[in-house]
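A.B. asks: next come a sequence and a model predicted from it.
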Amino acid sequence: MNIGGFQRLSLLDYPDKTCCTIFTVGCNYRCPFCHNASIIQNQFPEKGILQEEVIDFLKRRKGLLDGVCITGGEPLLQESVGSFIEEIKSLGFLVKLDTNGSLPKKLKQLIETGLVDYVAMDIKNSPDSYGQTIGINNYNLDLIKESVDLLLSNIVPYEFRTTVVRQLHTSKDMLAIAQWLKGAEHYYLQNFVDSGDILESGLSGFSREEMQDFQELIRPIIPSVELRGI
Ligand code: SF4
């Protein structure tokens, strides 16, 4: 595993659970609003974090933490992600996986083998605006659709979430996303916030009122839609 960041305690990354968070290096997308630019570009002032360090930490946290959130970057790009999660699960921790949904077969395999307890999948934008939003022109959405369908089948507890950026998302996009995800049990809108480690400059979020307007727009189609971090 190529691990670029490790947060020893998070009360936010795993719904209703305490967890630590592991940030894997590298991503196959280039979302201009990416808030972990150094992680996806593998730029660190120091060496990464060893898998053994994480496992040793977890051995000392048995019974004190509920779970582990594996995020990125895109964790499913890591070849050994399955065996790494097996090791974590053998210590008794729940595992939440954050993914951009571009590797549905690997996602399905991890779910079907009981290695993942919760999945958070990013929905970057409406189908028409997807390529622009992930920084890849003419992106073929088939793999994303496969992941969406997999999660909509309720094979595992999950959520969809969209980071909303003023320069990338319109009301029309938000409505199209809602139609696409119709039937989703959990959908979160997250306002863009500049983390200071953004891939591109000049982006901004929306006001609280504008975010609430998006929520009201979506609610008739996805009643459970919620704002996060507002
Ligand atoms: S926001 Fe997520 S999917 Fe997009 S480039 Fe960053 S890590 Fe990859």
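C.D. replies: Nice, thanks for sending it over.

A.B. asks: state the number of residues packed around the closest residue to residue 194 other than its chain neighbours.
C.D. replies: Taking C-beta to C-beta, 6 or more residues apart in numbering, and ignoring the residues beside it in sequence, residue 194 has residue 203 as its nearest neighbour in space, at 7.2 Å. The C-beta positions use only the backbone N, C-alpha and C, and glycine is treated the same way. Neighbour count for residue 203, taken as other C-beta atoms under 10 Å: 15.

A.B. asks: might you report the residue contacts of residue 215?
C.D. replies: 189, 225, 226, 227 (C-beta atoms under 8 Å, 6 or more residues apart in numbering).

A.B. asks: looking at these, spot the one nearest the ligand.
C.D. replies: Using C-beta to the nearest ligand atom, residue 189 comes nearest to the ligand of the contacts of residue 215, at 15.3 Å.

A.B. asks: please, where are all the strands along this protein?
C.D. replies: 3-10, 19-24, 67-71, 94-99, 118-122, 158-164, 187-191, 226-228 (DSSP state E).

A.B. asks: and the pLDDT for the closest residue in space to residue 151 that isn't next to it in sequence?
C.D. replies: Computed as C-beta to C-beta, 6+ apart, the closest residue to residue 151 that is not its neighbour in sequence is residue 158, at 4.4 Å. In this model, residue 158 is scored at 98, pLDDT.

A.B. asks: gap between residue 158 and residue 189?
C.D. replies: Separation of residue 158 from residue 189 (C-beta to C-beta, to the nearest Å): 16 Å.

A.B. asks: quick one on the thing from earlier: the strands of the chain: which one's closest to the ligand?
C.D. replies: Judging these by C-beta to the nearest ligand atom, what sits closest to the ligand is strand 118-122, at 6.0 Å.

A.B. asks: can you pull the pLDDT of residue 140?
C.D. replies: pLDDT for residue 140: 95.

A.B. asks: and residue 108, what is it in contact with?
C.D. replies: By C-beta under 8 Å, 6+ apart, the residues touching residue 108 are 150, 155.

A.B. asks: could you count how many residues lie near residue 8?
C.D. replies: The local packing of residue 8 (other C-beta under 10 Å) involves 11 other residues.

A.B. asks: many thanks, we can stop here.
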